[in-house]
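1. predicted structure and sequence below. I'll ask about it afterward.
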Amino acid sequence: MAIRNIREIGDEVLRKKSKEVKEMTPQLRSVVDDMLETLYQVGGVGLAGPQVGILKRVVVMDVSEEQNDPVVLINPEILETSGSQTGMEGCLSVPGKHAQVTRPSYVKVRAQNVEMEPIELEATDLLARCVLHECDHLDGILYVDKKDGPLLDNEAEEEE
Ligand code: NI
C-alpha cells in the first residue's frame, strides 16, 4: 500500500468524467487500498478516483470517528434522494477551505463492492452528504460548484 498524491483544484483531471469499472483487476484493487490508506493518513471522510488521478468510478469513504468503518463503492449510482440538509463541506482537493452546501439528507445508492458484488446503501446525514459529494467527483463536479455561501478559510473560521 502507498499514500497517493491528492490532486488539487485547478488540476483538470478533477473536471473529467470517470469511466465505469468493468472488472476488478489487481492493479485497481491496489488503487482502492491506496485510496483508503491515503484517506486515513490525511484524516478525511471520503476520496474519489479522480482525486488521485484515476478516472474510474471508485469511491472510498469512512465517516466513523474511529476511522474503522471503510465503505468502498464501485460504479455508484444514485437511485433515490429525499429531504434536505445544509451544512459546511470541505474537500481534500480544495485544501484549507470550506463552504455551506445544501444537499439531500437521504440517499439510496446502488454500487458494487470491492469484490464487484452488487450492493445497496442507504445513507442519511453526514454519510449521505459524503456519498453525494464523492459521486459528484466522478462526474467532474466539485462542492464549490454548488455551494450556497462564500468559500471560507479554515483558519479564519477557527478564530471566530
Ligand atoms: Ni471532495
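-> Cool, got the structure.
2. would you agree residue 129 falls within a strand?
-> No. According to DSSP: H, G, I helix; E, B strand; the rest coil, residue 129 belongs to no strand; its state is helix.
3. separation between it and residue 113?
-> 21 Å (Cβ to Cβ, to the nearest Å). Just so you know, the C-beta spots here come from the backbone N, C-alpha and C atoms, and that holds for glycine as well.
4. more neighbours: which of those two?
-> residue 129 (25 against 14; other Cβ atoms under 10 Å).
5. tell me if I'm right that the more buried one and residue 106 touch.
-> No. The criterion here is Cβ atoms under 8 Å, and residue 129 misses it with residue 106 at 10.6 Å.
6. who touches stretch 59-75?
-> 20-21, 24, 32, 35-36, 39-40, 43, 45-49, 57-58, 76, 109, 111-114, 116, 119, 121, 126-127, 130-131, 134-135, 137-138 (Cβ atoms under 8 Å, 6 or more residues apart in numbering).
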